[in-house]
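Asks: output the structure for:
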Amino acid sequence: MTLWRLEGKDHVSQGTRETDVDGRIADLGDGKVTAGTYRLSFEVGAYYKKKGASAFLQRATLDFEITDTNRRYHIPLLMSPFSCASYRGS
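Replies: Residues are numbered from 1 along each chain as shown. Next comes the predicted model:
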């Protein structure tokens, strides 16, 4: 998964991480996420390829805005080789 920050019309990479055994990433952007518009890109196809399976979806991308930097943000992605869903977690 890669975190991007929108700067003008460009998306600037803030880092790439792999999920842990629970499918989570504890900290993005080295804890230095500021207010702004961001994009998460999940490499779904590569994930399933590592597991020896194929996937119809190759990438899932979520754009979101951070307004309160004191708040924790939890952005789950539920996925299968054929579909995905996301929501704003608590």
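
Asks: ranges for the helices of the chain?
Replies: Using DSSP state H, the helices found in the chain span residues 44-50.

Asks: where does it dip in pLDDT?
Replies: Filtered on pLDDT under 70, the chain yields the residue ranges 29-31.

Asks: for this structure, what spans make up the strands?
Replies: Secondary structure of the chain by DSSP state E: the strands cover 2-7, 10-16, 36-42, 60-66, 77-79, 84-86.

Asks: please state the offset of the fifth one from the chain centre?
Replies: Yep, that's strand 77-79 we're talking about. What separates the centre of strand 77-79 from the centre of its chain is 10 Å, taken as C-alpha atoms, centre = their mean, to the nearest Å.

Asks: paired strands for that strand, with orientation please.
Replies: strand 84-86 (antiparallel) (DSSP bridges).

Asks: out of the strands of the chain, flag the one nearest R24.
Replies: Evaluated over those, closeness to R24 peaks at strand 77-79, with 10.7 Å, by C-beta to C-beta. To be clear about C-beta, it is placed using only N, CA and C from the backbone, and glycine gets the same treatment.

Asks: dump the residue contacts of the closest residue to Y87 other than its chain neighbours.
Replies: In space, Y87 comes closest to P76 once its chain neighbours are excluded; the distance is 6.4 Å by C-beta to C-beta, 6 or more residues apart in numbering. Residues near P76 by C-beta atoms under 8 Å, 6 or more residues apart in numbering: S86, Y87, G89.
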